[in-house]
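Visitor: Starting from these lines, generate the structure:
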Amino acid sequence: MTYNLKREVEKPERFAGGHRLCAGCGAGIAVRGVLRALDEGDKAVVTNATSCLEVSTFIYPHTAYYDSYIHTAFANGAATMSGVEAAYKTLKKRGKVKDNFKFIAFGGDGGTYDIGIQSLSGAMERGHDMVYVCYDNEAYMNTGIQRSSSTPRFADATTSPAGTEIPGKVQNKKDLTAIIAAHNVPYAAQTTFIGNFKDLHEKARKAIYTEGPCFLNILSPCPRGWRYETEDLAEICQLAVDTCAWPMYEIIDGTWNLTYEPKKKLPIEEFLKKQGRFKHMFRKGNEWMIEETQKYVDDQWEKLLERCR
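Guide: I've put the predicted structure just below:
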């Protein structure tokens with residue numbers, strides 16, 4: 001069915017508006033966008049590893065989710081969901097469950113790139129029929145904006161502060177989507193919030209309705225950690241893809257496909273200058289940081305284009 005934004009937003013909500021996420025936060029947009037990709041007749045079980053999203057959408061006994069919900073520990077979001085999926089298959093086989101359920105786990109980059117990567121790898125390798133969604137805000141935002149392995153090089157975070165001794169985080173961002181693709185999963189993709197959300201919707205739907213373990217990595221800006229004006233969320237997402245800092249692509253059964261290519265690739269400083277976490281890069285004498293960032297982005301983009309040919 002052809003994507004229609006009006007039709008999608010008129011679906012019954014699965015994620016209530018009474019959560020406590022910050023204005024200008026991408027996490028809630030990610031969740032609502034993914035859950036809208038479900039068919040109305042299907043039910044879902046949602047798990048959420050400890051994170052900004054979890055503490056902002058769940059205070060026992062209340063949640064912002066209309067579907068079944070499990071709060072799970074930081075490290076085991078994927079393990080919890082794999083157990084639920086395995087139990088469902090057994091109960092369905094025995095005739096004790098009639099409804100169709102989909103299984104969707106959400107985690108931030110701290111609980112996905114770092115603390116939860118072991119359980120995520122295990123769930124992907126075992127082949128559970130589930131979707132793991134990482135809303136990637138590029139740091140441990142819930143606990144004080146500490147750097148994660150998703151944090152870009154030179155970003156200012158509380159555990160990698162930009163100062164006279166170090167220029168912010170010194171390592172490049174981990175390429176988690178490629179790591180998950182190396183598990184030979186049937187579907188993995190990167191996306192974010194641009195335009196009418198068509199890219200997010202179509203990838204979420206593919207992930208949900210592709211049999212087997214699937215993975216979505218969604219760039220989800222954080223106004224506190226990235227230090228941007230709340231109304232700039234959509235512009236920052238667009239700049240992320242137009243500078244190729246966050247390429248949008250999908251991997252279907254091992255075949256890499258580019259899903260968005262900028263008409264005009266913008267210089268990386270257009271993305272960086274909108275965010276306070278990179279402001280030190282624009283001080284006199286720090287031009288080399290922007291140059292090295294541009295070179296890294298260009299190299300990664302060329303490698304991606306080669307994979308997608």
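Visitor: Look at residue 256 and tell me its secondary structure.
Guide: The three-state assignment at residue 256 reads strand, by DSSP: H, G, I helix; E, B strand; the rest coil.
Visitor: Next, count neighbours for it.
Guide: By the criterion of other C-beta atoms under 10 Å, residue 256 has 17 neighbours. For every residue, glycine as well, the C-beta is placed using N, CA and C.
Visitor: in the sheet, who's paired with it?
Guide: residue 251 (DSSP bridges).
Visitor: Quick one: residues contacting it.
Guide: With contacts defined as C-beta atoms under 8 Å, 6 or more residues apart in numbering, residue 256 is in contact with 181, 249-250, 304, 307-308.
Visitor: are any of the residues you listed buried, and which?
Guide: 181, 249-250, 304, 308 (16 or more other C-beta atoms under 10 Å).
Visitor: what about the strands in the stretch 201-309 of the chain?
Guide: Taking DSSP state E, counting those that start in this stretch as the criterion, the stretch 201-309 of the chain carries its strands at 214-219, 249-252, 255-258.
Visitor: Identify all contacting residues around the longest helix along the chain.
Guide: Scanning the chain for the helix with the most residues, using DSSP state H, yields helix 287-308. With C-beta under 8 Å, 6+ apart as the test, helix 287-308 has contacts from 152-154, 167, 172, 175, 243-245, 247, 249, 256-258, 265, 267-269, 272, 280-282.
Visitor: In the stretch 1-150 of the chain, mark out all the helices, start to finish.
Guide: 5-9, 27-35, 52-57, 77-93, 109, 117-126 (DSSP state H, counting those that start in this stretch).
Visitor: so which of these comes closest to residue 236?
Guide: Closest of those to residue 236 is helix 27-35, at 12.4 Å (criterion: C-beta to C-beta).
Visitor: send the alpha carbons of the closest one over as PDB?
Guide: Provided in PDB are the C-alpha atoms of helix 27-35 (Å, rounded to 0.1, in the frame of the first residue of the first chain):
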ATOM      1  CA  ALA A  27      12.800   9.400  21.200                       C
ATOM      2  CA  GLY A  28       9.000   9.800  21.300                       C
ATOM      3  CA  ILE A  29       8.900  10.500  17.600                       C
ATOM      4  CA  ALA A  30      10.800   7.300  17.000                       C
ATOM      5  CA  VAL A  31       8.500   5.200  19.100                       C
ATOM      6  CA  ARG A  32       5.300   6.700  17.600                       C
ATOM      7  CA  GLY A  33       6.600   6.300  14.100                       C
ATOM      8  CA  VAL A  34       7.600   2.700  14.600                       C
ATOM      9  CA  LEU A  35       4.300   1.700  16.200                       C
END
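Visitor: what packs against it?
Guide: Using 3 or more C-beta pairs under 8 Å, 6 or more residues apart in numbering; DSSP states H and E as the contact definition, the elements that helix 27-35 packs against are helix 52-57, strand 101-108, strand 131-136, helix 198-209, strand 214-219.
Visitor: Of the ones you listed, flag the one that's most buried.
Guide: Neighbour counts (mean count of other C-beta atoms under 10 Å) averaged over each of the helices and strands packed on helix 27-35 peak at strand 131-136, with a mean of 28.
Visitor: Listing partners with orientation, what would you give for that strand?
Guide: Using DSSP bridges, the strands paired with strand 131-136 are strand 101-108 (parallel), strand 214-219 (parallel).
Visitor: Include distance to residue 163 when you put the ones you listed into a markdown table, please.
Guide: Shown next, in a markdown table, are the strands paired with strand 131-136 (distance: least, C-beta to C-beta, whole Å):
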| stretch | distance to residue 163 |
| --- | --- |
| strand 101-108 | 26 |
| strand 214-219 | 27 |
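Visitor: rewinding a little: which ones among the contacts of helix 287-308 lie within helices?
Guide: 269, 272.
Visitor: Can you select the buried ones among the contacts of helix 287-308 for me in ChimeraX?
Guide: Of those, the buried ones go into a single ChimeraX selection, burial set by 16+ other C-beta under 10 Å:
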select :152,153,154,167,175,243,244,245,247,249,256,268,269,272,280,281
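Visitor: Surely residue 72 is in contact with residue 48?
Guide: Yes: the criterion here is C-beta atoms under 8 Å, and residue 72 meets it with residue 48 at 6.9 Å.
Visitor: Settle it for me: which of the two has more neighbours?
Guide: Neighbour count, other C-beta under 10 Å: between residue 72 and residue 48, residue 48 has more, with 27 against 24.
Visitor: Low-confidence stretches in the stretch 151-300 of the chain?
Guide: Judged against pLDDT under 70, the stretch 151-300 of the chain has no low-scoring part.
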